[in-house]
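Asker: Sequence and predicted structure are below.
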Amino acid sequence: MSKVKSKFVCQQCGFETLRWFGRCPECGEWNTLVEEVVKTALGKQGTKTDIRPQSLVQIENLAVERLDLGMSEVNRVLGGGLVLGSIVLLAGDPGIGKSTLLLQVANYVAQRVEKVLYISGEESVEQIKMRAARLNLQAANLLLWSETDLDLLEQEIEALKPSLVIVDSIQTVFCRELTSSLGSIGQIKEATSRLGALVKGLNIPLLIVGHVTKEGSIAGPRVLEHMVDTVLYFEGERHHQYRILRAIKNRFGSTFELGVFEMQNGGLVEVLNPSQAFLAERPLASPGSVVVASIEGTRPLLVEIQALVSRSVFGQPRRVATGADYNRVNLLMAVLEKRVGLNLSQQDAYVNVVGGIKIQEPALDLAIAVALASSLKNRPCLPNLVVMGEVGLTGEIRSVPFVEKRLREAQKLGFTHCLIPYGRKLSCFDRQEKSLEIIEAKTLKEALDIALV
Ligand code: TYD
Ligand code: MG
């Protein structure tokens, strides 16, 4: 066996070398060499098995066992709990509340099931204890450990066989075989693949924290996302009380689900009725404010969209979108200009999705357009109006999925008027229902005539 323990591999062209170069000598790309542990030939042979290709009908269904994490919002985002033997990456900006969430989850599991191992390379056990005291957590089966050496982590997990392992964060785990520095891509890849293989063998679920870099990706390039089963993002404005948990990738569930939490003095509290929470401070009869019925995963969510349009003092008008897609806002302004005849070219425009939440779905279009027009004309919307609809480039309103589900949510929260795309057959929704008047619109122009008072 050779003495060489690690090598550098170019992520672009696959070139291998024993020393590091800033620029790959083969393909000429910069910063593409990543350190990897050299696997001996023996290891490769060892993976050979007798299993031959099998017919689809012969393969038995895999029974996935799931661990209840205590909070229904977390369980739902994961697809109904944490699958045993799966690796989940929790990513998010520093200070958003990742450690708090995981400590709460760890405590719940430790109270109900057996040992939970919480490994932190970021904080000492005393610091974690302080946080636990603040959160009023006191499970005896919750084992805290401040350690970063990958070899030691592996030994301890094998010896303890806990029912859940948490690593906070993967950027602090250190593999001795590699010479590259702590937190480098090579280190993170090695730590994730070794810990992952270990927990899969033991059928233990593993939750790892990954920091988001300045560019917004987890640990530089998105290598880590490919190595895990599930990627969750914990997001929200730091100075806002709401936090959103979202699945970006999920091998064991849908990726559209969203969990809403509120950061309070005693930790994270689930928000079970987010629509109500997001609309709590809504100004009534103010120009520029519109409520949209959106769908996140399986759940309808009513959110307020605000727009402020004001005369630009500089040559180039400013456009800002918070929580909504910037390009979409620009596109909608162009449609309003060309198809409705609103003069927006010399106006600054600010669009905000209230509550620090991000919404991507096209049904948001109509709300943004109505909010912009409402602010420009200084005319408020009909009181208690909810809108939904995608806006096309010719100014037509296009249909959106799950209209009935959205309508029910609006009705539940006491809205009386609903503006929807034209021509939807609402089978289970009675149009004559007194409490909710449904108004259809074919074009954006029509919609604005109806929506603005
Ligand atoms: P933390 O979980 O340490 O964030 P992360 O691990 O993502 O870096 O949470 C940090 C913030 O949360 C911190 O600024 C204080 C706040 N916080 C509360 O408001 N209430 C609490 O009960 C706790 C524990 C933290
Ligand atoms: Mg932390």
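Answerer: Arrived safely. Ligands and ions are numbered 1, 2, ... in the order given.
Asker: so where does the nearest residue to residue 92 once chain neighbours are set aside fall, helix or strand?
Answerer: Leaving aside its chain neighbours, residue 92 sits nearest to residue 234 (3.7 Å; criterion: C-beta to C-beta, 6 or more residues apart in numbering). For every residue, glycine as well, the C-beta is placed using N, CA and C. Residue 234 belongs to strand 230-235 when assigned by DSSP states H and E.
Asker: next one: residue 134
Answerer: helix 125-135.
Asker: Just after that helix, pick out the following helix or strand.
Answerer: strand 142-145.
Asker: which other residues reach that next one?
Answerer: 106-107, 110, 115-120, 125, 128-129, 132, 156, 160, 162 (C-beta atoms under 8 Å, 6 or more residues apart in numbering).
Asker: Which of those has the largest number of neighbours?
Answerer: Greatest neighbour count in the contacts of strand 142-145, by other C-beta atoms under 10 Å, goes to residue 106: 29 neighbours.
Asker: how much space between that one and ligand 1?
Answerer: Distance of residue 106 to ligand 1, given as C-beta to the nearest ligand atom, to the nearest Å: 12 Å.
Asker: Look up phi and psi at that residue.
Answerer: phi -60, psi -40 (degrees, to the nearest 10).
Asker: Check the one 5 residues further on too.
Answerer: When read as degrees, to the nearest 10, the backbone of residue 111 gives phi -70, psi -40.
Asker: Report the separation between the closest residue in space to it that isn't next to it in sequence and residue 58.
Answerer: Closest residue in space to residue 111, ignoring its immediate chain neighbours: residue 139 at 4.6 Å, by C-beta to C-beta, 6+ apart. Taking C-beta to C-beta, to the nearest Å as the measure, residue 139 and residue 58 are separated by 44 Å.
Asker: Which one's more surrounded, these two?
Answerer: More neighbours surround residue 139 than the other of residue 139 and residue 58, with 16 against 6 (other C-beta under 10 Å).
Asker: Please verify my assumption that the more buried one contacts residue 107.
Answerer: Yes - Residue 139 is within contact range of residue 107, at 4.7 Å (criterion: C-beta atoms under 8 Å).
Asker: Residue 164: how many residues sit nearby?
Answerer: 26.
Asker: check contacts around it.
Answerer: Going by C-beta under 8 Å, 6+ apart, the list of residues near residue 164 reads 67, 82, 106, 109, 113, 116, 117, 204, 205, 207.
Asker: hang on, the earlier thing: report the contact partners of the residue nearest to residue 92.
Answerer: 90, 91, 92, 96, 97, 98, 101, 243, 244, 245.
Asker: What separation do you get for the fifth one and residue 244?
Answerer: The gap separating residue 97 from residue 244 is 11 Å, by C-beta to C-beta.
Asker: Between those two, which contacts overlap?
Answerer: 234, 261.
Asker: And whichever residue of the stretch 251-400 of the chain sits closest to ligand 1, how close does it get to residue 38?
Answerer: Nearest to ligand 1, among the residues of the stretch 251-400 of the chain, is residue 267, at 4.0 Å (C-beta to the nearest ligand atom). Counting by C-beta to C-beta, the gap from residue 267 to residue 38 is 44 Å.
Asker: Tell me which of these two has more neighbours.
Answerer: When residue 267 is set against residue 38 and neighbours are counted by other C-beta under 10 Å, the residue ahead is residue 267, at 20 against 15.
Asker: From residue 192, how far out is the nearest residue to that one once chain neighbours are set aside?
Answerer: Ranked by C-beta to C-beta, 6+ apart and with sequence neighbours excluded, the top spatial neighbour of residue 267 is residue 135, at 4.2 Å. Residue 135 sits 28 Å away from residue 192, going by C-beta to C-beta.
Asker: Same question for residue 338.
Answerer: Taking C-beta to C-beta, one finds residue 338 at 50 Å from residue 192.
Asker: Those two: which is more packed in?
Answerer: Legend: neighbour count by other C-beta under 10 Å for residue 338 and residue 192, higher for residue 192 (24 against 12).
Asker: Show me what the helix or strand hosting that one is packed against.
Answerer: Residue 192 is located in helix 185-202, with elements delineated by DSSP H and E. Applying 3 or more C-beta pairs under 8 Å, 6 or more residues apart in numbering; DSSP states H and E, one finds that helix 185-202 makes contact with strand 33-37, strand 87-92, helix 150-160, strand 164-168, strand 206-211, helix 223-227.
Asker: Looking at these, spot the one closest to ligand 1.
Answerer: Using C-beta to the nearest ligand atom, the helices and strands packed on helix 185-202 put strand 87-92 closest to ligand 1, at 5.6 Å.
Asker: Any chance you could list what contacts the closest one?
Answerer: With C-beta under 8 Å, 6+ apart, strand 87-92 has contacts from 78, 82, 98, 101-102, 170, 192, 195-196, 199-200, 205-212, 218, 224-225, 227-235.
Asker: what does stretch 248-262 give?
Answerer: 64, 71, 73-74, 76-80, 83, 86, 97, 101, 225, 228-233, 241-247, 268-271, 274, 277, 296-299, 301, 357.
Asker: same check, this time on stretch 270-279
Answerer: Contacts for stretch 270-279 (C-beta under 8 Å, 6+ apart): 71-73, 242, 259-262, 291, 299-304, 354-355, 357, 409, 413.
Asker: Regarding it, how distant is the last residue from the first?
Answerer: 16 Å (C-alpha to C-alpha, to the nearest Å).
Asker: How about the residues of the stretch 151-300 of the chain by ligand 1?
Answerer: 263, 265, 266, 267 (C-beta under 6 Å from any ligand atom).
Asker: Residue 418: which of these is nearest?
Answerer: Set against residue 418, the nearest of these by C-beta to C-beta is residue 263 (32.5 Å).
Asker: isn't there a helix covering that closest one?
Answerer: No - using DSSP: H, G, I helix; E, B strand; the rest coil, the assignment for residue 263 is strand, not a helix.
Asker: Hmm, residue 295 and residue 361 touching each other?
Answerer: Yes - with contact defined as C-beta under 8 Å, residue 361 reaches residue 295; the gap is 6.7 Å.
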